[in-house]
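**Q** after the sequence you'll find the predicted model.
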Amino acid sequence: MAAAVVKSGGGEEDEEEEVIKDPWDQVWKISTTEIRDAFLSISAVRWTQPVHLSGLLKGYTLVAHRAGHTLGGCLYTIRPSLSSSLSSAASASSFLYAPHWNHVKEHHLDGAALLRDNRIDETFRRTGVVVIGADRSLVVNTKRVDRERALLGLVNATLNAGGSLLLPTDPSARVLELLVLLESHWNYAGLGQRFPLCLISRTGKDVVGFVRSLTEWMGGQVGEEGGEKVLRFTNLRIYSSLTELDAAIPSHISKLILTVPSTLSHGFSRALFVEFARQPLNVVVLSGTSDDGTLARWLFGVWNDAQEEGDKWGKGKVGKVVEMGQTVELQMKRKVYLEGDELAAYEEGLRLAAEREAKHQANLERSRRMAQAGADSDSDDSDGGNSSSSSASSSGSGPRRSRKRRGGGGGGADDDEEEDQPAELDFEPKPTTTTTRARKVGGFAGGAGAWDEFLDLPAASAAGQSFDVYVKGAFAKRGEAGGLQRWRMFPVVERKRRVDAYGEAIDVDGWLRRGVDDEDEFTKSARLARESGAVLGKRAREEEDKEEVKVEPPHKYVVEQVDAHLLCSLFVVDMEGKTDGRSIKTILPQINPRKLVIVDGSPTAVEDLATACRAVSTMTDDIYTPDVGECITVGEETKNFSVRLGDTIMASLKLSRVEDYDVAFISGVIHFDAESDIPVLERASLTSSVLAPPSLPAILPSPTDVPPPPSDALEVISSSTSTVLPPLRPSLFIGDLRLTLLKEKLRERNIPSEFAGEGVLVCGPAPPESYMLSGGRVMDPRKGRQGTADEAREAAGGKVAVKKLGRGRLVIEGSPGETYYLVRQVVYSLHAQAG
């Protein structure tokens, strides 16, 4: 427990225990805006909905399956996108992530999707890689009937004795299971009139209202009796703060309170715990072990240490209620809104920060406009083809560029000639050009006014910057070194008119923006609604949602040390909804993954699950138990090709049925299309197969090493080369023949058969009626004509033996005859022929 010090009853000196840091230490400072942003970043998917990944996982598909322990909880599988999710090949190349799941049906949820009709779903059987959690490997769950009877019996006894119960839980997941259970008990026992059932949570009303629209994701009692009836919660009272609870229900009335969070680290549950612990008749009920370092985990340790050896947690038994009689020093964390001098100082700091930001943005905006004006002037001079150009120096201390005169001598004539030219600017410091937020400015058509340069002059002067420029004129002063005459004037930037093929260019954007900044909010929202087009009203609703979000007043976080006197009772019941170690060790061998990775558990639990899996003879030997933060390489896919079947292949495709699949043998040549990244497999023609050069260069002997062929063999070689044919594809039979099934098929054809040993079936001879033609005549293959019945019996031949030498090795032995051909025909029919 973080920041918890146990004090002894005597006067001994306090001893601080070495504690684990609370993982929820900073969670209580999360704002509502951060929570809203987190939920908006979630992508909702349905179960078994394929989600095609991108980036490094491009080419793979993510599929979510029901986990069964929380509403919306999922097991995830990742498989190649080109493989079917229903085939065994997809399972062999897939990845299953299952840290937590529950195979038992509950009040509002069905079991995990791993099981279907109490058997492993074929989709998950022989999965390539399975990652499973071992945190409950050493746990034996209590029967659901026993733990619910114990919990409800404790509720009745406590309420009738005049005490109250505090049940910390999570805000939206496992709280639904508790609500359905308690609501059913309140209706059955008639407790609603005497004892309130309360839920304290800021999102409690939203959760209870929204869950009624999620009945399609539920099961159990909700699926059997209907969501509208079970999820009505007529006895439940929901409060958003402790103040509302105190105003509605006096403290002396017995009640059951569900509050958040379940860790007792912060919030309503921690504040109520300090208050509840002072009453001896009250009971604090924990629904799980919670996380390490939290107050709830420390209380669980106190309860578990007080149990007998056979009743401890994870032994399959319901424990007993424990009375606590000690004092605990706790840190009470709360949020306090600023008032008085603190609020005034905070607002003054915000005002000063806003002024500094405004000055900074004004300097950046002025610098951007002046730099843009210089750039526009340079581009106009280059486009117009003027012989003289104006430029600006970027540093006041550096050398200044002077404009080249067209004539000689310095006098007013030259100045008069260049009177219409833009003035030469010389900025002493060059401000940084930065893209800033647009603000309302004056000027023609929404542009920048000339006097806007002096809106923030004191701020610029304070920084030691000067934006004055030197402009040449008739009454100029000569410089110190006798150089060019200059005169200090106001920095007026004169924009030169731009001319195109149709005359003076018009600033279209300026005319479009004209008047937009002056419109009111109502006119602006109406214009945006008109521009939305097909999504009429969507933008308006978004605007309303933004207005509904209230800005939270200024606040601070306060941490105080308080002494909590624990006089109440404590009870722990397993309502986490997770499977136990015995079920995991039973289901995993049925999945029988090719590789297994065990994570999320203590070293003892991980090793226990790994030992149990290694003890199963049919389980894989590739079992990994990585430590926290350790990276392992489970496997890698070195060859992965995608090929599209061409039209010639598809036209000549002959599919054969193998159980639930259609298979075919294909052979062709790969062609690469410039318009597609996927190569095409086309059927190889006779000409291309004969004349195609070899893919690898052949090493041929030199002509001197090869003896010349005889003259009479030249003609033979030439003719044989011209008639060479491509090699025939091999015969391919798919399936596993069972001799018992072959015997049944032969019996249907009236062919006698019997086993003559292990893996040997002797068949025949076949009766004449099994291959006779109409009219009692038979085709004698040896004579090439129809014969009589006597000749048919002679044509049947002898017996045929079918030997199964191993998996995929089958031998048919016998003399040629009708029996041999009939037995071979039956054997062929029990296979899929793809060759």
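**A** Looks like it arrived, so ask away. Numbering: from 1, shown residues only.
**Q** I'd guessed residue 158 sits against residue 284; true?
**A** No - the pair residue 158 / residue 284 is not scored as a contact, 10.6 Å apart, by CB atoms under 8 Å. C-beta coordinates here come from the backbone N, C-alpha and C atoms, glycine included.
**Q** looking at those two, which is more packed in?
**A** residue 284 (25 against 22; other CB atoms under 10 Å).
**Q** about what we covered before: intersection of neighbour lists for residue 158 and residue 284?
**A** residue 165 (CB atoms under 8 Å, 6 or more residues apart in numbering).
**Q** count of residues packed around residue 166?
**A** 23.
**Q** quick one, phi psi at it?
**A** phi -110, psi 120 (degrees, to the nearest 10).
**Q** and after the strand or helix carrying residue 820, which helix or strand comes next?
**A** Assessed by DSSP states H and E, residue 820 sits inside helix 818-829. Per DSSP H and E, the first helix or strand lying C-terminal to helix 818-829 is strand 832-833.
**Q** so what strands line up beside that next one?
**A** strand 733-734 (antiparallel) (DSSP bridges).
**Q** would you confirm that residue 67 contacts residue 102?
**A** Yes - between residue 67 and residue 102 there is a contact under CB under 8 Å: 7.1 Å.
**Q** need the overlap of contacts for the two.
**A** Counting by CB under 8 Å, 6+ apart, the contacts common to residue 67 and residue 102 are residue 112.
**Q** which residue ranges of the stretch 1-150 of the chain form strands?
**A** Under the criterion DSSP state E, counting those that start in this stretch, the stretch 1-150 of the chain carries strands at the ranges 5-7, 51-52, 60-66, 74-80, 95-98, 115-116, 119-120, 129-133.
**Q** which elements pack onto the fourth one?
**A** Same thing as strand 74-80. strand 60-66, strand 95-98 (3 or more CB pairs under 8 Å, 6 or more residues apart in numbering; DSSP states H and E).
**Q** quick one, what contacts residue 97?
**A** So residue 97 contacts 75, 76, 77, 78, 131 (CB under 8 Å, 6+ apart).
**Q** got it, and residue 282?
**A** Counting by CB under 8 Å, 6+ apart, residue 282 touches 158, 163, 164, 165, 166, 276, 568, 569.
**Q** which residue comes closest to the second one once chain neighbours are left out?
**A** It stands for residue 163. In space, and not counting its chain neighbours, residue 163 is closest to residue 281: 3.2 Å by CB to CB, 6 or more residues apart in numbering.
**Q** buried set for the helix holding residue 820?
**A** Applying a neighbour-count criterion of 16 or more other CB atoms under 10 Å, one finds 818, 819, 820, 821, 822, 823, 826, 827 buried in helix 818-829.
**Q** what helices and strands are in contact with the longest helix anywhere in the chain?
**A** Identified as the longest helix of the chain according to DSSP state H is helix 340-384. Contact partners of helix 340-384 among helices and strands, from 3+ CB pairs under 8 Å, 6+ apart: helix 457-462.
**Q** so where's the stretch 601-750 of the chain shaky on pLDDT?
**A** Within the stretch 601-750 of the chain, the ranges that satisfy pLDDT under 70 run 636-640, 659, 685-730.
**Q** quick one, helices of it?
**A** For the stretch 601-750 of the chain, the helices defined by DSSP state H, counting those that start in this stretch occupy 603-614, 647-651, 686-691, 714-722, 739-748.
**Q** next, format the helices and strands packed on strand 74-80 as CSV and append mean pLDDT.
**A** CSV is the format used below for the helices and strands packed on strand 74-80 (pLDDT from 0 to 100):
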stretch, mean pLDDT
strand 60-66, 91
strand 95-98, 92
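**Q** residue 146 is nearest to which of these?
**A** Judged by CB to CB, the one of those that comes nearest to residue 146 is strand 60-66, at 25.7 Å.
**Q** roughly how far apart are the residue nearest to residue 593 when sequence neighbours are not counted and residue 594?
**A** Of all residues not flanking residue 593 in the chain, residue 130 sits nearest, at 3.9 Å (CB to CB, 6+ apart). Shown here: residue 130 relative to residue 594, a distance of 9 Å by CB to CB, to the nearest Å.
**Q** neighbour count winner among those two?
**A** residue 130 (22 against 16).
**Q** is it true that the more buried one touches residue 589?
**A** No - judged on CB under 8 Å, residue 130 makes no contact with residue 589 at a distance of 11.6 Å.
**Q** ok, residues contacting the helix or strand hosting residue 275?
**A** For residue 275, the element it lies in under DSSP H and E is helix 267-276. Applying CB under 8 Å, 6+ apart, the contact partners of helix 267-276 are 28, 164, 166, 168, 200-201, 241-242, 257, 259-264, 282, 284, 295, 330, 332-334, 562, 564, 568.
**Q** which of those are buried? Put it as a PyMOL command.
**A** Burial among the contacts of helix 267-276 is assessed by 16+ other CB under 10 Å; the matching PyMOL selection reads:
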select buried, resi 164+166+168+200+201+242+257+259+260+261+262+263+264+282+284+295+330+333+564+568
